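1. sequence? don't have it. structure:
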């Protein structure tokens with residue numbers, strides 16, 4: 001009878017490690033001892049989430065600025081082409097006609113220098 005009792009009370013190799021593992025996980029002192037590590041992991045998780053949101057916000061800002069830049073480039077090109085068209089001689093003549101100005105038909109001539117020695121100042 002003693003031999004059967006010793007066989008049942010002796011721990012088996014597989015069960016011993018499981019019991020130690022459970023006692024380690026459920027041990028209150030172990031949990032309290034590792035609270036700083038758990039807080040560190042929580043801080044890392046919050047930092048990781050914040051970094052993801054910050055990256056998405058930065059990408060949205062970059063895309064918004066790229067769209068705005070493209071629109072401003074189109075507007076610049078449009079205004080530049082309109083200015084080029086309006087600065088043509090024929091368009092300038094049309095624009096100043098209501099003011100009573102007319103286009104010259106003869107070439108301009110140079111006025112004589114009015115200084116007595118003929119030297120320019």
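-> Happy to help now that I have it. For clarity, every value in this text was computed on a predicted model and none was experimentally measured.

2. for the protein, give me the ranges with low pLDDT.
-> 1-26, 114-121 (pLDDT under 70).

3. longest helix in it, please.
-> helix 35-86 (DSSP state H).

4. for the helix or strand following it, packing partners?
-> Sequence-wise, the next helix or strand downstream of helix 35-86 (DSSP states H and E) is helix 89-96. Contacting helix 89-96 under the criterion 3 or more C-beta pairs under 8 Å, 6 or more residues apart in numbering; DSSP states H and E are the following elements: helix 35-86. Just so you know, the C-beta spots here come from the backbone N, C-alpha and C atoms, and that holds for glycine as well.

5. list the helices and strands the helix it packs on packs on?
-> helix 89-96.

6. the helix it packs on to helix 35-86, inter-axis angle?
-> 90 degrees (axes from the mean of the first three to the mean of the last three C-alpha atoms, to 10 degrees).

7. ok, and for helix 89-96, which residues are buried?
-> Buried residues in helix 89-96, counted by 16 or more other C-beta atoms under 10 Å: none are found.

8. quick one: residue 94 and residue 110, what's the gap?
-> Applying C-beta to C-beta, to the nearest Å, the value for residue 94 to residue 110 is 29 Å.

9. same check, this time on residue 27
-> 107 Å.

10. ok, now residue 90?
-> According to C-beta to C-beta, residue 90 and residue 110 sit 27 Å apart.

11. before we move on, back to that, between residue 27 and residue 110, who's got more neighbours?
-> residue 27 (11 against 5; other C-beta atoms under 10 Å).

12. what distance do you get for the more buried one to residue 37?
-> Residue 27 is 15 Å from residue 37, by C-beta to C-beta.

13. what's stretch 101-111 in contact with?
-> The set of residues external to stretch 101-111 that reach it, using C-beta atoms under 8 Å, 6 or more residues apart in numbering, is residue 93.
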